[in-house]
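S.K.: Predicted model follows, preceded by the sequence.
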Amino acid sequence: MNAATLPIISLTSLDSDEGLAHLLQAASEVGFFYLVDHGLSHDAQQGYLALSKAFFQLSTKEKQSVDMIHSPHFRGYNAMGNEMTAGRFDAREQFDWMNEELALSAEQVRYPWQKLIGPNLWPSAMPKLKPTLTKLQTKLSDITVELLQKLCESLGVDGHALDHTIGAQPYTHAKLIRYPAQQSPQQGVGAHKDPGYLTLVMQDSQSGLKVERGNEWVDVAPIPGALVVNIGELLELASNGFLKATNHKVESPTQGSERYSIAFFMAAQLSATVPVLSLPPELKSRALGPSVDPSNPLLTDVGNNVLKGRLRSHPHVTRKHYCDEPLRHLLEKSFAHMPTADICDECRV
Ligand SMILES: O=C(O)CCC(=O)C(=O)O
Ligand SMILES: [Fe+2]
């Protein structure tokens, strides 16, 4: 499969039954597609990617001033070698931001996922980063909310069937990402599924993103102006496995040219539990349940499903902020059904 055969969906085509049928096919058979006519122009995307490049060109000291190690809320900068996927280090540096919020006090934290709530870290050396990325977050959030409603319609349920899990605004998490060129192909990010409802990826002109199809890894080559969409674990759960959260990974570039991307993850509110939608009979009989992987159980309680990924991806942040009592005990309760040390090998949760 290549760029020509990965489905291309126009957001403005989704008012018609034909458009919805095309969407349903892409989301259920592939779990990955290109989105066009979404309102974020190619030039605007290039502007955001250029800003991202400028961020990564800041001095090490400036980037370290917003290092994620300072944030129990998993926000900020990660240098190369600070992220693990599928038990191996990823060859990428990145800057993460989420909904801008106030942190809860220690007494208010009853569940470990509540530690995800908090402020972002913004570098003082780049004052325009905060307003620009906040604007992008709003735009991408609006696109995903509209797309989620269209996916519900395509499944034959009320377009607003999942709105109550989102409330006034979804949980959003975004990353600026730089994959430096390597001597030989390396794990830019290892094979994984995304935890939320939907992910949007903006890519520069450098390939590297690959999606699993059968036993093959196929390229998701950049198409100018198109956003890449993939289905996350929460949507696989809500559709009882009818829609697929597909494994994907990024291979580092090798020919002297680095790769930039921006990934945007949209989920229900962290406090929500994702319902299983009542699909019409013709789809219900083909929804065979979500995938079962003992090392990666899909959790309908959104906060835990999101936290599971963050704790495993950034073990240095986990060790610094989550391994001491009383949080360690709460973590153990939240993930009691998972194998020991699957979340954190330091505190053995
Ligand atoms: O950089 C990309 O193209 C995709 C990144 C990704 O899959 C992720 O961060 O979850
Ligand atoms: Fe991903």
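M.R.: That came through fine. Source: prediction; values computed, not measured. Ligands and ions are numbered 1, 2, ... in the order given.

S.K.: For the rest of this, base every contact and every neighbour count on C-alpha atoms.
M.R.: Will do.

S.K.: tell me the pLDDT at residue 153?
M.R.: pLDDT, residue 153: 98.

S.K.: quick one: it and residue 20 touch, right?
M.R.: Yes: contact criterion Cα atoms under 8 Å: residue 153 and residue 20 qualify, at 7.5 Å.

S.K.: quick one: low-confidence parts of the chain?
M.R.: 1-4, 339-342, 348-349 (pLDDT under 70).

S.K.: distance from the centroid: which residue in it tops it?
M.R.: residue 281 (30.8 Å; Cα atoms, centre = their mean).

S.K.: Around ligand 1, pick out the residues from the protein.
M.R.: Selection of the chain residues close to ligand 1 by Cα under 6 Å from any ligand atom yields 194, 201, 209, 249, 261, 263.

S.K.: Tell me which two of these sit farthest apart.
M.R.: Across these, no pair lies farther apart than 194 and 261, at 15.5 Å, counting by Cα to Cα.

S.K.: Using the three-state scheme, assign residue 177.
M.R.: strand (DSSP: H, G, I helix; E, B strand; the rest coil).

S.K.: shift numbering so it begins at 878
M.R.: Okay, residue one is now 878; in that scheme the one you just asked about reads as residue 1054.

S.K.: Please name the residues that touch it.
M.R.: 929, 969-972, 1137-1140 (Cα atoms under 8 Å, 6 or more residues apart in numbering).

S.K.: Does residue 1106 lie in a helix or a strand, and which?
M.R.: Using DSSP states H and E, residue 1106 sits within strand 1104-1108.

S.K.: who does that strand touch, helix- and strand-wise?
M.R.: If you count contacts as 3 or more Cα pairs under 8 Å, 6 or more residues apart in numbering; DSSP states H and E, strand 1104-1108 packs onto strand 909-913, strand 1075-1080.

S.K.: Let's have these in TSV, adding mean neighbour count.
M.R.: Shown next, in TSV, are those (neighbours: other Cα atoms under 10 Å):
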stretch	mean neighbour count
strand 909-913	23
strand 1075-1080	24
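
S.K.: of those, which approaches residue 1163 most closely?
M.R.: strand 909-913 (19.1 Å).

S.K.: Now do the closest one: distance to the chain's middle.
M.R.: Distance of strand 909-913 from the chain centroid (Cα atoms, centre = their mean, to the nearest Å) equals 15 Å.

S.K.: mind listing what that strand pairs with, with the direction of each?
M.R.: Strand 909-913 sits in its sheet next to strand 885-887 (parallel), strand 1104-1108 (antiparallel), going by DSSP bridges.

S.K.: which one of those strands has the most crowded surroundings?
M.R.: Neighbour counts (mean count of other Cα atoms under 10 Å) averaged over each of these peak at strand 1104-1108, with a mean of 25.

S.K.: And the residue of the stretch 978-1127 of the chain closest to ligand 1?
M.R.: residue 1086 (4.9 Å; Cα to the nearest ligand atom).

S.K.: tell me which residues form a beta bridge with that residue?
M.R.: residue 1127.

S.K.: And it, how far from residue 1168?
M.R.: Using Cα to Cα, to the nearest Å, residue 1086 is found at 22 Å from residue 1168.

S.K.: Which one's more surrounded, those two?
M.R.: Taking other Cα atoms under 10 Å, residue 1086 and residue 1168 do not tie; residue 1086 has more neighbours (22 against 16).

S.K.: wait, the more buried one sits on residue 1124?
M.R.: No: contact between residue 1086 and residue 1124 fails when scored by Cα under 8 Å: they sit 11.0 Å apart.

S.K.: rewinding a little: and the strand holding residue 1106, how far out from the chain's middle?
M.R.: Centre-to-centre, strand 1104-1108 and its host chain are 10 Å apart (Cα atoms, centre = their mean).

S.K.: Just the angle for that strand relative to strand 1075-1080, thanks.
M.R.: 150 degrees (axes from the mean of the first three to the mean of the last three Cα atoms, to 10 degrees).

S.K.: what about the helices in the stretch 978-1127 of the chain?
M.R.: 1006-1031, 1040-1043, 1110-1115 (DSSP state H, counting those that start in this stretch).

S.K.: Out of those helices, which one sits most buried?
M.R.: The most buried one of the helices of the stretch 978-1127 of the chain (mean count of other Cα under 10 Å) is helix 1110-1115, showing a mean of 28.

S.K.: excluding its backbone neighbours, what's nearest the spatially most central residue of the chain?
M.R.: Centroid check for the chain by Cα atoms, centre = their mean gives residue 1142 as the closest residue, at 3.5 Å. In this structure, residue 1142 finds its nearest non-sequential neighbour in residue 1076, 4.5 Å apart by Cα to Cα, 6 or more residues apart in numbering.
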